[in-house]
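S.K.: Sequence first, predicted coordinates after that:
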Amino acid sequence: MAKDSSDLKADPTRDVLVRMRSSLPQLQPAEHRVAEVVLKDPAAAAQLSITELASRADTSVATVARFSHSVGFGGYPQLRLALAGAAARESALGGPARKPPADLDEAESTEDIVAAIVHHEVRALQETAEHLDLTALDAAIAAVAAADRVEIFGVQASGLVATDLQYKLIRAGRIAFAWTEFHSAMTSAVLLGAGDVAIGISHSGATLDVIETLAAAKEAGATTIAITNFSGAPIVDHADIVLTTAARETAFRSGALASRTAQLAVVDFLFVGVARTSLEATTEALTRTYQAVRDGKSFKRRRSAGRGK
């Protein structure tokens with residue numbers, strides 16, 4: 001079950017791996033190496049002494065201690081206990097047998113590849129739902145529901161998610177536009193105002209095109225929402241509301257399916273929440289748009305058949 005931000009702060013052992021991945025952009029290079037060692041094999045890391053982990057990460061004991069504090073623990077012993085618990089949970093869910101599909105291995109069968117991808121897709125959805133800040137989600141729903149117009153910014157894989165949200169909002173009778181090209185997005189962003197909402201979607205939270213357009217929208221007076229995987233990412237500095245996913249991206253699968261799946265889930269949470277604020281009007285709009293598309297296709301077929309005669 002999803003929790004609000006106060007629940008997560010009160011219990012740093014909860015979702016330790018999600019919290020650790022989310023903190024990656026904020027870590028110093030040496031701490032980042034420690035995180036990489038831990039995330040690669042949490043069960044093995046939980047068995048290491050602080051000296052052994054420092055050696056594996058090619059850093060100092062002091063850095064490992066600092067890293068423990070950076071991810072919310074009083075010290076390394078507390079972090080080890082949390083990692084042991086996380087490893088046990090992963091084992092129960094089949095995690096150790098399911099390496100990320102980024103770990104390319106020519107010896108793996110197609111069955112192994114399918115199983116690994118499905119496992120990580122499911123975990124991305126589960127962890128996103130468990131870790132999502134419901135207070136922030138409610139604020140985003142209220143903002144979009146009251147907006148005069150909604151502008152959505154995203155590029156590449158996140159651009160597909162932006163377009164998906166645009167289609168959903170338009171079908172529900174909302175004024176929404178998705179921009180996947182920087183110049184068009186910036187042109188739109190600077191024309192927004194106090195009654196508008198701008199949503200920036202970036203898995204890394206470091207995509208300059210999205211950051212700059214969201215910043216411009218905020219400066220213009222719009223309410224800004226960021227959808228990202230990292231709570232400390234640069235895009236957060238320009239967002240009034242932050243919605244975080246919990247996908248397990250890797251170097252070989254940047255923009256992988258898991259990140260889009262998690263983003264699409266957040267988009268669905270947002271859309272359904274907005275739809276419920278005016279359910280009768282939304283239902284009518286969805287019905288009318290469905291019928292228009294259905295009847296439009298029939299009309300085209302009738303016209304085509306008429307020309308043939």
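M.R.: Here it is on my side, so go on.
S.K.: For the stretch 101-250 of the chain, which segments are assigned as strands?
M.R.: Using DSSP state E, counting those that start in this stretch, the strands found in the stretch 101-250 of the chain span residues 150-153, 176-179, 197-201, 223-228, 241-244.
S.K.: Send me the fourth one as PDB with only the CA atoms.
M.R.: As requested, C-alpha coordinates have been extracted for strand 223-228 and formatted as PDB (Å, rounded to 0.1, in the frame of the first residue of the first chain):
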ATOM      1  CA  THR A 223       1.600  25.100 -11.100                       C
ATOM      2  CA  THR A 224       4.400  22.600 -11.900                       C
ATOM      3  CA  ILE A 225       4.400  18.800 -11.500                       C
ATOM      4  CA  ALA A 226       7.400  16.500 -12.000                       C
ATOM      5  CA  ILE A 227       7.200  12.800 -12.600                       C
ATOM      6  CA  THR A 228      10.600  11.200 -12.100                       C
END
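S.K.: before we move on, which element is residue 267 in?
M.R.: Element membership of residue 267, judged by DSSP states H and E, is helix 257-277.
S.K.: which parts of that helix are buried?
M.R.: Judged by neighbour count using 16 or more other CB atoms under 10 Å, the buried positions of helix 257-277 are 258-267, 269-271, 273-275. (C-beta placed from N, C-alpha, C; glycine too.)
S.K.: between the residues you listed, which is closest to residue 128?
M.R.: For these, the closest approach to residue 128 (CB to CB) belongs to residue 262, at 4.5 Å.
S.K.: who's in contact with the closest one?
M.R.: With contact taken as CB atoms under 8 Å, 6 or more residues apart in numbering, residue 262 is in contact with 124-125, 128, 229, 245-247.
S.K.: ok, which pair from the residues you listed is furthest apart?
M.R.: 125 and 229 (13.3 Å).
S.K.: contacting residues around stretch 151-159?
M.R.: Everything outside stretch 151-159 that qualifies as a contact, by CB under 8 Å, 6+ apart, is 160-163, 165-166, 176-182, 185, 188-189, 192, 196-203, 207, 209-210, 213-214, 217, 222, 255, 259-260, 263.
S.K.: May I ask which helix or strand encompasses the residue nearest to residue 171 when sequence neighbours are not counted?
M.R.: Distances taken as CB to CB, 6 or more residues apart in numbering put residue 289 closest to residue 171, at 4.7 Å, once the chain neighbours are dropped. In the assignment (DSSP H and E), residue 289 maps to helix 279-308.
S.K.: repeat for residue 55
M.R.: Once you assign secondary structure using DSSP H and E, residue 55 falls within helix 50-56.
S.K.: same check, this time on residue 88
M.R.: Here residue 88, judged by DSSP H and E, is contained in helix 76-92.
S.K.: helices and strands around that helix, which ones?
M.R.: Where contact means 3 or more CB pairs under 8 Å, 6 or more residues apart in numbering; DSSP states H and E, helix 76-92 is packed against helix 16-22, helix 42-46, helix 61-70.
S.K.: Off-centre distance for that helix?
M.R.: In terms of CA atoms, centre = their mean, to the nearest Å, the centre of helix 76-92 is set 24 Å apart from its chain centre.
S.K.: ok, now how distant is the residue nearest to residue 148 when sequence neighbours are not counted from residue 141?
M.R.: Distances taken as CB to CB, 6+ apart place residue 195 nearest to residue 148, at 4.1 Å, with adjacent residues excluded. Relative to residue 141, residue 195 is positioned 16 Å away (criterion: CB to CB, to the nearest Å).
S.K.: can you pull the contacts of the most centrally placed residue in the chain?
M.R.: Central residue of the chain (CA atoms, centre = their mean): residue 245, 3.0 Å from the mean position. Remark: with contacts taken as CB under 8 Å, 6+ apart, residue 245 is in contact with 124, 128, 203, 227-229, 259, 262-263, 265-266.
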